[in-house]
Structure formats: structure tokens, C-alpha cells
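# Give me coordinates for this.
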Amino acid sequence: MASQMTTTTFDNALKVLYPAGFEQVWYKKCPFVAWIPKEYDFGGSSKQINPLYGGVRTSPSFSVAMAGKSTPSHARFNVTRVKQYLIGSIENEVIEASKGKPAAIAEALKTALDAAMYSFGRTTAFQVWGDGTGTRGTVGAYAAGVITLSNRYDIVHFEVGDMLVKKTAAGVLLPGRMLVTAINTNNAGSGELTVTLLDGAAAPAATDTLAQEGEYTAAGSAVLSGVRAWVPAAVPTPGDNFFGVDRSVFPTRLAGIRMNGGGKSIEEIVFEAQAEASVNGADVDTLWMNSHRFAALCKSIQSKAWYGQNSIVSVKSSRGRSGKVNVGFQGFVFPGESGPVTVMSDPNCPYAYGLMTSRKAWKLSSLKGAPHFAEEDGRRFRQEVASDAIEFRLKAYWNLMCKRPLDNVLIDWDN
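Now for the predicted structure:
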């Protein structure tokens, strides 16, 4: 019967609802993730990145040059994949009630998958900007079921319905879970999470850190190695081991450039970051900022002679697995010593930091799509065993790659 719901019907609806692929749903809310180039060939047990950090010796003396023949120094980052899963469902009652009504079927499918992609995108945006620990926020205070975050800007990393776990400041995973039942993003002083303590969870203490269930492990985390893992706020010290590399041998070339901006105007900091990039031989073309910092910079420079309508630019996303996604974002051009830098805003960028970087320095590398349907049995949708619903599973096997760590300046705005 033409009105019968089948997996073929679902697949045909997908082609209509998402002609450019799932990326079109979540790219718009995740500018930095959308902007990063993608690759879908992350096979094998790891992928190797070999940035150059030392050159060949030179001398005005032939004999000295001959005696000192050497080869360039390359690091060898052996980057491994991490996993991300999302499992959703559509009630069979909705499907039955929609038989013979293609528009209703499509609406039910779109509602379920849009919600799934929103959640996947939000988690991806957090992880890509993260430091690899999985920490979404730190407890500032707790009273009467309400967690007040120590940094109110971290509230963007949480959603109602999240199941949270916590660690001590020393990194010890604590028992129990916490269900987020309400979120206050309008508090002028700090973000607030209303939580229900479950499974023997003790009241959160100040300095406890928070993550979604599964993101913390007893020994560390199970998330992407984000921007602040590749370009850490602290200079790597001897004994550092990041994907097999001790970056302390040449921190700027293997872990990026760090710059403090305390006591200076925001535009002064941007100009000085460009100078730091130039001095160190970095190639930069884009500055990413938290939305609040972006607004502060716009207000600070709006009266400057060089800033005007011609400074506004449109930046396109990478095109995703289908090659069709083309989401646009607005930024503006900031003049610089080595050429203009495009300033972009992302609400997921940590408020404390800015990243001056080059698009060619990064890759979001995955095995197949990110995410893609689990269809090892040939089906994208399957009948659930324990409930009256059709189930779909999305997953990604991936990690963030920094091909040129040198081409990054991590700006600490206030220190």
C-alpha cells in the first residue's frame, strides 16, 4: 500500500528534508565547526600529523655545512579517534496516525531528527572548543537544588534534560548523577542549573567540575581533543605527552602561541596578537571570539576611520560530506601587518579566550560522516524491542586535527 510506513518511505523523506545532508541543520548554530574543513577518511588505528619544528643547519663555511648536514625536525602526532553516539526514536502511534499523510510523516521525522542534530551539534561545538578534559563548567556554589556556575558564560554548554556527573578539582570522579530540570541564562551574575540528585549523588561542592554522563572517565575523558587541547592555555612543560609528542621541545611550533591581554584595550590586543603571529612565522587569517567579546570589539572600533561598511564580509562554511552545504556567516575585516584578519563570532568560544588562526591549520577528521546513521544491518530505522517506537542511531568516530599548531594564537583577554 502506498500509505504504509516503511524504511524506504523514511529514506525517501530524508532525501527531501535534508537534500544537502544533516550538516545543514547544525552548521548554522556552530560557526567554528561549520568553518573547519572536513575529511572523512579517518581509517586505521590512528592518523599521523607531522608538523615541522626545526630546519636544516646552514653556515657560510662549506666545511662546516658539510660536517653539520642534518634533516628537518618533524613531530609525529599519532591522533586516535573518539566516539560520539545519539539514539533517538519516533513513536509508532505517530507513524500509524500519519498513514496516508506524507506531510505528517515528514513532519514527525523532521521533528525527531532536527532535535537529534541540534543536540549533536551543541555537543560537538562544546567539544571542539574544549581542552580535552570534558569539563563543561565548574560549580561556584550549590544551594536548594541549584548549581551556580563559577563562570556564567559556561551556561551555553548545558541543556534541560542533561544527565551530569562531577569530578573534584583534583580530577576524582564522584558517584551518582544529576538531572538538569531547569536552566537560568538570564541571571546577571552567573548561570544557574536546577538539578535533581540521583543514584546517591552528594551535593555538589564549590570547585567540582561538571560533564555530561559518559564524557568523564575515571582516568580522564572520552571527548574530542579540542582547540584548547591542541593550543593549551599553559605552556607545555617537559614530560608533556600529547598524542605521543613532548611539545615542550618547541612549544610555539608544536602547541601554538599564547598571549596575555590584561590591561589593554581589546583592539590593542588584536593588533599585538597579529604581531606575535608575524614574529613567530605563523600564518593567520581569522580571529574567533565569544559573542560577548565580539560585541565589545565592535563597539570599541565603530568610530575608527578604517572601520566601515566595506569591512563587513561574508564567510562560507566548509561544504560537509555531501559537498552541497554552504552556510554563510557575517564577520568583519581587521587590518594587520601580514594582511587582513577576518573577525568571527561563536557563542561556543570560551569567553576568556580568543583564537587567531588559519583555516588551513585545522581538520575535523572522521570515519564516514559526522554523524552518520548506524546501518550495519542495511536499515537506518528499526523497531525497538522494549518500546512501541521506531529507533534510529547516529554516531561519529572522529577527532579534531591541528595540522599546523604554529598557526594559532590563543589570546587570554583578561590576564
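
# Just list the residues touching residue 94, thanks.
Residues in contact with residue 94 (Cβ atoms under 8 Å, 6 or more residues apart in numbering) are residue 108. Every residue, glycine included, has its C-beta placed from N, CA and C.

# State whether it is indeed within a helix.
Yes - Residue 94: assigned to a helix according to DSSP: H, G, I helix; E, B strand; the rest coil.

# start at 86 instead
Taking 86 as the first residue, the last one we looked at is residue 179.

# distance of it from residue 478?
Between residue 179 and residue 478 the computed distance is 19 Å (Cβ to Cβ, to the nearest Å).

# Kindly report the same for residue 263.
26 Å.

# And these two? Which one has more around it.
residue 263 (24 against 19; other Cβ atoms under 10 Å).

# shaky segments in the chain?
86-98, 100-111, 183-190, 272-275, 388, 390-395, 406-410 (pLDDT under 70).

# Surely residue 382 is in contact with residue 428?
Yes - counting by Cβ atoms under 8 Å, residue 382 does reach residue 428; the two are 6.7 Å apart.

# Give the residues shared as contacts by these two.
With Cβ under 8 Å, 6+ apart as the test, residue 382 and residue 428 both reach 355, 374.

# which phi and psi does the residue lying farthest from the centre of the chain have?
Among residues of the chain, the one most distant from the C-alpha centroid is residue 148; the distance is 51.1 Å, by Cα atoms, centre = their mean. Taking degrees, to the nearest 10, you get phi -70, psi -40 for the backbone angles of residue 148.

# measure it to residue 197 for me?
In terms of Cβ to Cβ, residue 148 sits 74 Å off from residue 197.

# list the helices and strands the helix or strand harbouring residue 195 packs on?
Assigned by DSSP states H and E, residue 195 falls within helix 187-214. Helix 187-214 sits against helix 92-102, helix 108-111, helix 116-120, strand 167-176, helix 177-182, helix 312-315, strand 474-487, with contacts defined as 3 or more Cβ pairs under 8 Å, 6 or more residues apart in numbering; DSSP states H and E.

# tilt between it and strand 474-487?
Taking axes from the mean of the first three to the mean of the last three Cα atoms, to 10 degrees, one finds helix 187-214 and strand 474-487 inclined to each other by 30 degrees.

# Could I get the buried residue list for helix 187-214?
Residues of helix 187-214 classed as buried: 190-191, 193-195, 197-198, 201-202, 204-214 (neighbour count, 16 or more other Cβ atoms under 10 Å).

# Quick check: next helix or strand after that helix?
Past helix 187-214, the next helix or strand by DSSP H and E is strand 222-228.

# Using PDB, write down the CA coordinates of stretch 269-282.
Extracted in PDB, the C-alpha atoms of stretch 269-282 (Å, rounded to 0.1, in the frame of the first residue of the first chain):
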ATOM      1  CA  ASN A 269      18.500  30.200  34.100                       C
ATOM      2  CA  THR A 270      20.500  32.000  31.500                       C
ATOM      3  CA  ASN A 271      19.200  35.500  32.400                       C
ATOM      4  CA  ASN A 272      21.000  35.900  35.800                       C
ATOM      5  CA  ALA A 273      23.200  38.900  35.500                       C
ATOM      6  CA  GLY A 274      25.700  37.400  37.900                       C
ATOM      7  CA  SER A 275      26.000  33.800  36.900                       C
ATOM      8  CA  GLY A 276      24.400  30.900  35.100                       C
ATOM      9  CA  GLU A 277      22.200  28.600  37.200                       C
ATOM     10  CA  LEU A 278      21.300  24.900  36.800                       C
ATOM     11  CA  THR A 279      18.400  23.400  38.700                       C
ATOM     12  CA  VAL A 280      19.300  19.700  39.300                       C
ATOM     13  CA  THR A 281      17.900  16.600  40.900                       C
ATOM     14  CA  LEU A 282      20.400  14.400  42.600                       C
END
